[in-house]
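**Q** Here is a sequence together with a model predicted from it:
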Amino acid sequence: CVRQGYGLTTFIRREGGKYTWERFFGDCAGGMIAALIALPYGLSMAALMGLPPILGVVTSILTAPITALLGRNPVLIGGTASATVPFIANAVRAQGIGGAAKVSIVASVLMMAFCVLRLGRFVSKVPASVVAGFSAGIGGIMLISQLHVLAGVHAPGGYNELTKLFGFLTELPGLRWAPLVLGGSVMLAAAAVAKWSPRMPAPLIGVGLSTVIAVLFRIHEPEVGSLHLSLPPFVGFSWTPQDVVNVVPAGLGLAFAASVNVLLTSRAVEHFRGRHKPPKRTDADAELGAYGIANLCAGVFGAPMSVGIPARSVANVRCGGTTRVSNVMHALFLFMLVQLGSGALTHIPLAALGGVTAWMGVCLLDTSAWRRLPKMRLVDAAAFLITAVGVLMVNAVAAVLAGCAAHGAQWAYRRYLRPASAMPEVTAGAQ
């Protein structure tokens, strides 16, 4: 799986010929906005798992250069995500940070095994309507997850995103205007810039405008702040016979969830870029191998696994990121943001970053796909809706399986149950 990756120079040449200063500045802008989104999100995800919050940032810094060099999707940016929370949180509760390291290492090795066994290529067979539904569902999650940040109310509880949405509506009487102005200004500015000049880094301009508004009008809202970053020590742990029963099955589930997330997020990002053709089969296999190697490097420090993050990847694209240099810049800017501390970036309001994520969610919702629903084939429309709603109500893996099941049911009907009279007749000349 390592052999299938590309070096940085080879990739730049393959991805679009000459690498110009314009592309470099686009990669820098994309990497910067991805780093700004990654910081609060990574901290919160690691804390939710029961790990030291800084490990959520360590994951992105350690894995991004590896996936940039070995992965296939140039603009796919990874990090800590909610899809991995149940597996790692259970391991932490059972065995502490050593348990997180165990399950992450097992999952990483299994992802590399999936690469060697060439299992990633089967994701290329997922129908386009299911990918579009997955993208729309993820966009809905991103939008709903930031509503309480924009409104300045308590985060609602709930079993899925729809119940969280209803919970948010009950919190609306406590709405505060300051975060709504800061986050809303980002969304409006980004939408205007994207419409008038698509080549400009729209989300980054929106964040800059929001920060200026906060300073001029002395709006005091929670900011990104500064942290101290140091490379954590290797996690010490021991294997017992009981771990075969407890850790290996959890690692298998984590590897499956991470693999599906990486490959479908990669396809969703390509769909967002206007590239609707299925990826090459070897590309999907190589992507799994790259993330397996990267997560193995993070796992030995007890850091959570990295998977594809739609918000960062789409923001990267919107700001001009086109090559894997943007992924490297994402790690570099994130390191600078945490390590250097007291710069202007630390004073960015969290509501502004919430506005970026919410706007990215609106972009992924893909209103054009919803408008095309009446013109779609029945099975495509059904698969799209089943997947999109399933992502919001259950989880991404189950939703994708359900969407594929709709196409499978149509195939089974045509193959085994369609009446003979409905089958096209074969003429004698065609026999």
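**A** Cool, got the structure.

**Q** gap between the residue most central in space within the chain and L254?
**A** Nearest to the mean C-alpha position of the chain, by Cα atoms, centre = their mean, lies I309 at 1.6 Å. Plainly put, I309 is 16 Å away from L254 if you go by Cβ to Cβ, to the nearest Å. For glycine as for every other residue, the C-beta is placed from the backbone atoms N, C-alpha and C.

**Q** Setting aside sequence neighbours, what's the nearest residue to L143?
**A** Spatial nearest neighbour of L143, chain neighbours left out: G361 (3.5 Å); criterion: Cβ to Cβ, 6 or more residues apart in numbering.

**Q** Tell me who's in contact with that neighbour.
**A** Residues near G361 by Cβ atoms under 8 Å, 6 or more residues apart in numbering: 138-146, 311.

**Q** In strands, which of the residues you listed appear?
**A** Among these, DSSP state E puts none in strands.

**Q** Write a PyMOL command that selects only the buried members of those.
**A** A single PyMOL command is used to select the members of the contacts of G361 judged buried by 16 or more other Cβ atoms under 10 Å:
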select buried, resi 138+139+140+141+142+143+144+145+146+311
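
**Q** Which of the contacts of G361 sits closest to P201?
**A** Taking Cβ to Cβ as the measure, P201 sits nearest to A311 out of the contacts of G361, at 15.3 Å.

**Q** what residues are up against the closest one?
**A** Counting by Cβ under 8 Å, 6+ apart, A311 touches 37, 41, 142, 356-357, 360-361.

**Q** cool, and A268?
**A** By Cβ under 8 Å, 6+ apart, A268 lies in contact with 131, 134-135, 138, 310, 364.

**Q** Then A352?
**A** Contact analysis of A352 by Cβ under 8 Å, 6+ apart lists 182-183, 185-186, 206-207, 210-211, 214.

**Q** Please, where are all the strands along the stretch 51-200 of the chain?
**A** Ranges of strands in the stretch 51-200 of the chain, per DSSP state E, counting those that start in this stretch, are 78-79.

**Q** what's the distance between G133 and F168?
**A** The gap separating G133 from F168 is 23 Å, by Cβ to Cβ.

**Q** Same question for A83.
**A** With Cβ to Cβ as the criterion, A83 and F168 are 22 Å apart.

**Q** T265 now?
**A** Distance of T265 to F168, computed by Cβ to Cβ: 25 Å.

**Q** out of those two, which sits in the more crowded spot?
**A** T265 (27 against 19; other Cβ atoms under 10 Å).

**Q** which SSE is the residue lying closest to V300 once chain neighbours are set aside in?
**A** Ranked by Cβ to Cβ, 6+ apart and with sequence neighbours excluded, the top spatial neighbour of V300 is F234, at 5.5 Å. For F234, there is no helix or strand it lies in under DSSP states H and E.

**Q** what are the phi and psi values for F234?
**A** Phi and psi for F234, reported as degrees, to the nearest 10, are phi -60, psi 140.

**Q** Measure how buried the residue nearest to V130 when sequence neighbours are not counted is and give me the count.
**A** Nearest residue to V130, sequence neighbours excluded (Cβ to Cβ, 6+ apart): G403, at 3.8 Å. As a burial measure, G403 scores 30 neighbours (other Cβ under 10 Å).

**Q** Tell me how far G403 lies from L392.
**A** For G403 relative to L392 (Cβ to Cβ), the value is 13 Å.

**Q** before we move on, back to that, so how far is A101 from the residue nearest to V300?
**A** Distance from F234 to A101, counting by Cβ to Cβ: 9 Å.
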